[in-house]
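Enquirer: Structure for this input, please:
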Amino acid sequence: MLPSILKRFLHRAYTLLLKPVYMVYEKKLMHTIKKYSLPKHIAIIPDGNRRWANTVGLPSTMGHEYGYRKMKEVLKWLDELGIRIVTIYAMSYENCIKRSDDERNHLFELIYKGLTELIEESEKRNIKINVIGRFELIPDYLKSIAYMANEKTKGNDDRIINIALCYGGRQEIVDAIKKLVEDMSLGIINKDEISEDVVSRYMYMGKDVPYPDPDLVIRTSGEIRISNFLLWNSAYSELYFCEAFWPEFRKIDLLRAIRSYQARERRFGS
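Expert: The predicted structure is shown next:
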């Protein structure tokens, strides 16, 4: 087994060695994707922080730190590309109930930090922040800033960033059914009015203004599954699975995902 410091050195050296090649390839990819229509809404499952940390000899908490930095970088790339709507799987329902207290609290602190920065940026950039999920599973300090982000930015519309926190696709559908049944009991809606569009309005992202479903869902770390993410909204999304762990996700990986999306014929179930 290589010592941790040697692992990190070799990883860094390898990255620097290939950097000039990546720069040329990145320009070529950028030129290619700009010829075609870009997705309007991209959803991301940023997986692999802990496994990446293990490969370079770092503690798992540092994997999440690097993952946080990578998310800021990727959001910048998406902004530069003009992608108006982004949905991030920040923390799953399962992780919120199964991870250790120490790891869960560390993730909550990182998300709090990220929301604080996003709120500040939203004032300058007209960004709408929409935090969705099971808020009863998060600590009060994080719940407060999540509500603040939703309320303070609800009138913004230049860019939309949805953050799925303690979120589960099955749980979202259950919550939607409960609200729909409640409204039926109150006479607000009857069963003959129920359609896909109506049900969509009961989903977390459809509370205020219905958003277009994700055109493209990207998952990192080589896992080929969606892990209870946007089960309703991603019914017709194009899926792209990237081998890279999230902290090592590169701009060329994002551009490849978009190029793959552009090469597909979207049939929406037909």
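
Enquirer: Where does the residue of the chain most remote from its centre sit: helix, strand or coil?
Expert: Distance from the C-alpha centroid of the chain, by C-alpha atoms, centre = their mean, peaks at residue 187 (36.1 Å). Three-state call for residue 187 (DSSP: H, G, I helix; E, B strand; the rest coil): coil.

Enquirer: Phi, psi for it please.
Expert: Its backbone dihedrals place residue 187 at phi 80, psi 10, with angles given as degrees, to the nearest 10.

Enquirer: Residue 147 too?
Expert: The phi/psi pair for residue 147 (degrees, to the nearest 10) reads phi -60, psi -40.

Enquirer: Pull up the gap between it and residue 118, please.
Expert: Distance from residue 147 to residue 118, counting by C-beta to C-beta, to the nearest Å: 14 Å. Yep, even glycine has a C-beta here, placed from its N, CA and C like the rest.

Enquirer: Number of residues surrounding residue 77?
Expert: A total of 14 residues lie near residue 77 under the criterion other C-beta atoms under 10 Å.

Enquirer: The host helix or strand of it - what's its average pLDDT?
Expert: Of the helices and strands defined by DSSP states H and E, residue 77 is found in helix 60-81. Model confidence over helix 60-81 averages 97 on the pLDDT scale.

Enquirer: name the helices or strands packed onto it?
Expert: Here helix 60-81 touches helix 49-55, strand 85-92, helix 101-125, helix 251-263, going by 3 or more C-beta pairs under 8 Å, 6 or more residues apart in numbering; DSSP states H and E.

Enquirer: deepest of the ones you listed, which one?
Expert: Mean neighbour counts were taken over those using mean count of other C-beta atoms under 10 Å, and the top value, a mean of 23, falls to strand 85-92.

Enquirer: how many degrees apart are that strand and helix 101-125 in direction?
Expert: Strand 85-92 and helix 101-125 meet at an angle of 160 degrees, taking axes from the mean of the first three to the mean of the last three C-alpha atoms, to 10 degrees as the criterion.

Enquirer: got the contact list for stretch 126-133?
Expert: Contacts of stretch 126-133 with the rest of the structure, by C-beta atoms under 8 Å, 6 or more residues apart in numbering, involve 91, 93, 115, 118-119, 121-122, 146-147, 149-150, 152-168, 172, 204-205.

Enquirer: average pLDDT across it?
Expert: Confidence over stretch 126-133 (mean pLDDT, whole number) is 96.

Enquirer: Would you mind writing the CA trace of it as CSV?
Expert: Listed in CSV are the C-alpha atoms of stretch 126-133, where the atom choice follows Å, rounded to 0.1, in the frame of the first residue of the first chain:
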residue,chain,number,x,y,z
ASN,A,126,-31.2,37.4,-9.5
ILE,A,127,-31.0,33.7,-8.6
LYS,A,128,-33.9,31.8,-7.2
ILE,A,129,-33.0,29.2,-4.6
ASN,A,130,-35.4,26.4,-4.0
VAL,A,131,-34.5,24.0,-1.2
ILE,A,132,-36.7,20.8,-1.2
GLY,A,133,-36.9,17.7,0.9
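
Enquirer: about what we covered before: show me the contacts of stretch 126-133 that map onto helices.
Expert: Filtering those for membership in helices, criterion DSSP state H, returns 93, 115, 118, 119, 121, 122, 146, 147, 149, 150, 152, 172.

Enquirer: Make a markdown table out of the residues you listed and add distance to residue 243 and pLDDT.
Expert: Supplementary listing: the ones in helices among the contacts of stretch 126-133 in a markdown table, determined by distance: C-beta to C-beta, whole Å; pLDDT from 0 to 100:
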| residue | distance to residue 243 | pLDDT |
| --- | --- | --- |
| 93 | 26 | 97 |
| 115 | 30 | 97 |
| 118 | 29 | 97 |
| 119 | 34 | 96 |
| 121 | 31 | 95 |
| 122 | 33 | 94 |
| 146 | 32 | 98 |
| 147 | 37 | 97 |
| 149 | 33 | 97 |
| 150 | 35 | 95 |
| 152 | 38 | 95 |
| 172 | 29 | 97 |
